[in-house]
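S.K.: Got a predicted model here, sequence first, then my questions.
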Amino acid sequence: MSTRFARAGLLFATFVCAACGLVYELALVAQGSYLLGDSITQASVVLATMVFAMGIGALTAKPLQRRPLLSFVVVEALLAVTGGLSVLGLQAAFTWLDLYWPALIGIALVVGALIGAEIPLLMTLLQRIREQDAGSATADLFAADYVGALVGGLAFPFLLLPLLGQTRGALLVGMVNALAGAAVALFLFRTNASRKVALAGGIVAVLALLVFAFAQSDAFLRYARDELYEDPVVYSETTPYQDIVVTESSPVVPGPKDLRLFLNGDLQFSSIDEYRYHESLVHPALAGKHDRVLVLGGGDGLAMREVLRYPDVREAVEVELDPAVLRLARDNPDISALNQHSLDDPRVRVVNADAFTWLRDADERFDAVIIDMPDPDSTATAKLYSVEFYTLARQVLAPGGRLVVQAGSPYFAPRSFDCIDAGIRAAGLKTTPYHVNVPSFGDWGFVLAQTDRRPALTLDPPQPLRFLDEANLAAAAVFPVDRKPNGDEPPSTLDDPRIVRLNTSEWQQY
């Protein structure tokens with residue numbers, strides 16, 4: 001084999017290994033954000049731990065350079081197994097052992113140390129192929145390593161996650177990692193037949209383990225989800241944006257079944273009492289003019305169902321980020337029956353877009369804006385509770401128009417509730433907070449707002465509602481002394497997303 005071909009092959013293996021290493025890193029961050037929410041904390045812990053461990057791995061590789069080829073193959077096999085199984089391991093630690101953080105740090109340490117050992121071993125192998133000064137060899141290796149990291153970083157969100165999901169994506173990358181290590185030993189360097197057989201046998205064993213895990217991963221995840229959720233899981237999907245789960249319970253006594261939607265583990269609605277939430281969210285905002293209505297979030301179509309009760313609504317626009325949620329709302333027979341096929345109404349225009357970006361570019365005006373976003377327990381949702389977001393929402397309000405925001409629980413998270421109210425006021429709106437009892441959520445709060453005056457809580461539905469009437473709505477504006485909004489909480493902004501810290505710390509108490 002020519003020296004040039006062997007050198008090119010080794011640099012290509014460096015490229016592949018670097019891409020695999022970055023995918024493992026991103027998979028750990030993504031799994032953490034799905035399970036626990038706070039993506040900045042997850043990313044910081046994973047990155048810091050792995051970079052530290054890479055330094056330890058580089059030092060540990062010094063004695064391994066005496067047998068660089070065998071050491072490299074063993075490192076890649078271990079990395080393939082640890083990185084490939086990392087997402088499944090984190091899921092198991094979270095579901096059954098309640099040891100998520102120790103597992104995350106442990107896996108990041110092992111994967112980081114193995115990645116750190118790669119470059120010294122590859123450098124030794126490269127210099128064995130061709131005599132080259134240390135500076136040039138280092139430049140070649142790091143160039144291949146950095147380009148590989150770029151490819152891995154782009155492949156994870158744009159290819160692996162949409163097509164395979166993070167669990168199978170990590171397992172497939174583990175297989176590629178193992179094959180790259182095997183190719184270096186079997187094809188680029190001379191070694192005796194018995195050693196080649198031993199290396200090939202070890203790699204086949206690693207591949208067999210990863211292929212088995214790949215084939216059984218769906219069954220494992222279904223079992224893990226059934227353990228996490230109280231009721232049987234009837235639908236699950238992991239999208240580039242979130243983990244979607246639908247559960248269904250059969251009634252013990254004659255009555256309706258309870259269908260529940262969870263996003264990243266957070267309950268979005270229960271079919272038993274969702275009407276309480278959605279009536280309280282929508283109808284106070286539509287008590288004024290409502291020719292054109294904008295719904296931001298609420299891709300399940302339930303808020304839109306309440307909007308369409310008004311026959312004089314001429315147009316309603318639904319803006320939802322995740323197309324999978326929209327598909328579920330339209331195609332799942334139980335959910336589409338619950339939302340009364342609202343997203344297919346001819347008056348509704350569905351926009352698949354990020355609400356922040358869509359508002360920034362919008363040149364339309366609406367009589368009512370309904371903001372029905374997931375709770376602000378991650379940096380991804382924090383911007384949707386910022387002063388900047390509410391300012392953009394205010395700009396699309398027609399004169400005299402009303403805006404309403406679901407604002408979490410004033411009982412379980414009173415400071416978060418105040419922070420959201422403060423953000424809406426800081427955006428130039430006058431607010432009226434209110435709250436109702438939704439049994440599956442507890443005491444739940446909303447903020448109604450207008451630009452010109454503090455809005456009165458009134459109702460003008462075309463027919464009586466199942467839960468809300470004038471008396472209940474009047475009572476909703478009354479807060480107990482120990483949970484009365486005090487107006488002292490600073491607002492959340494893009495620069496300081498304090499809503500995430502508040503929301504996480506307050507809910508951790510329960």
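M.R.: It's in.
S.K.: So residue 102 versus residue 264, what's the distance?
M.R.: Note on residue 102: its distance to residue 264, by CB to CB, to the nearest Å, is 21 Å. Any C-beta I mention is one placed from the backbone N, CA and C, and that applies to glycine too.
S.K.: residues near residue 489, how many?
M.R.: 20 (other CB atoms under 10 Å).
S.K.: So the residue lying closest to it once chain neighbours are set aside, which state does it fall into?
M.R.: Spatially, and ignoring its direct neighbours in sequence, residue 489 is nearest to residue 418 (3.7 Å; CB to CB, 6 or more residues apart in numbering). Here residue 418 is helix, with the state taken from DSSP: H, G, I helix; E, B strand; the rest coil.
S.K.: Residue 418 and residue 488 touch, don't they?
M.R.: Yes. Residue 418 is within contact range of residue 488, at 7.1 Å (criterion: CB atoms under 8 Å).
S.K.: okay, those two: which has more neighbours?
M.R.: Remark: of residue 418 and residue 488, residue 418 carries more neighbours, 24 against 8, as counted by other CB under 10 Å.
S.K.: what sits against that one?
M.R.: 485, 486, 487, 488, 489 (CB atoms under 8 Å, 6 or more residues apart in numbering).
S.K.: before we move on, what SS does the first one have?
M.R.: Under the three-state scheme (three-state DSSP), the conformation of residue 485 reads as coil.
S.K.: mind listing what it touches?
M.R.: Applying CB under 8 Å, 6+ apart to residue 485 gives the contacts 410, 414, 417, 418, 421, 433, 479.
S.K.: again with the third one
M.R.: Applying CB under 8 Å, 6+ apart, we find residue 487 in contact with 418, 421, 422.
S.K.: quick check, nearest of the contacts of residue 418 to residue 161?
M.R.: Closest to residue 161 out of the contacts of residue 418 is residue 489 (36.0 Å), distances taken as CB to CB.
S.K.: quick one, what contacts the closest one?
M.R.: By CB under 8 Å, 6+ apart, residue 489 lies in contact with 415, 418, 419, 421, 422, 502.
S.K.: do that again at 10 Å, thanks
M.R.: Residues near residue 489 by CB atoms under 10 Å, 6 or more residues apart in numbering: 414-423, 498-499, 502.
S.K.: try residue 472
M.R.: Residue 472 makes contact with 276, 279, 280, 436, 437, 459, 465, according to CB under 10 Å, 6+ apart.
S.K.: rerun that using 8 Å as the cut-off
M.R.: residue 436.
S.K.: Pull up the gap between it and residue 457, please.
M.R.: The value you get for residue 472 to residue 457, if CB to CB is used, is 10 Å.
S.K.: same thing with residue 407?
M.R.: Separation of residue 407 from residue 457 (CB to CB) stands at 15 Å.
S.K.: So for those two, which residue has more residues nearby?
M.R.: Neighbours per residue, other CB under 10 Å: of residue 407 and residue 457, the larger number sits with residue 407, 28 against 17.
S.K.: Does that one touch residue 433 like I think?
M.R.: Yes. Assessed by CB under 8 Å, residue 407 is found in contact with residue 433 at 7.2 Å.
S.K.: Give me the common contacts of those two.
M.R.: Common contacts of residue 407 and residue 433 (CB under 8 Å, 6+ apart): 417, 421, 445, 446, 447.
S.K.: Could you check how many residues crowd around the second one?
M.R.: What it means is residue 421. 25.
S.K.: Kindly export the helix or strand encompassing it (C-alpha atoms) in PDB.
M.R.: Using DSSP states H and E, residue 421 maps to helix 414-426. Written as PDB, here are the backbone C-alpha positions of helix 414-426 (Å, rounded to 0.1, in the frame of the first residue of the first chain):
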ATOM      1  CA  PRO A 414     -46.000  32.700  42.100                       C
ATOM      2  CA  ARG A 415     -42.800  34.500  41.300                       C
ATOM      3  CA  SER A 416     -42.800  33.100  37.700                       C
ATOM      4  CA  PHE A 417     -46.400  34.300  37.400                       C
ATOM      5  CA  ASP A 418     -45.400  37.800  38.500                       C
ATOM      6  CA  CYS A 419     -42.400  37.700  36.200                       C
ATOM      7  CA  ILE A 420     -44.600  37.000  33.200                       C
ATOM      8  CA  ASP A 421     -47.000  39.800  34.200                       C
ATOM      9  CA  ALA A 422     -44.100  42.200  34.600                       C
ATOM     10  CA  GLY A 423     -42.800  41.300  31.100                       C
ATOM     11  CA  ILE A 424     -46.100  42.000  29.500                       C
ATOM     12  CA  ARG A 425     -46.300  45.400  31.300                       C
ATOM     13  CA  ALA A 426     -42.700  46.200  30.300                       C
END
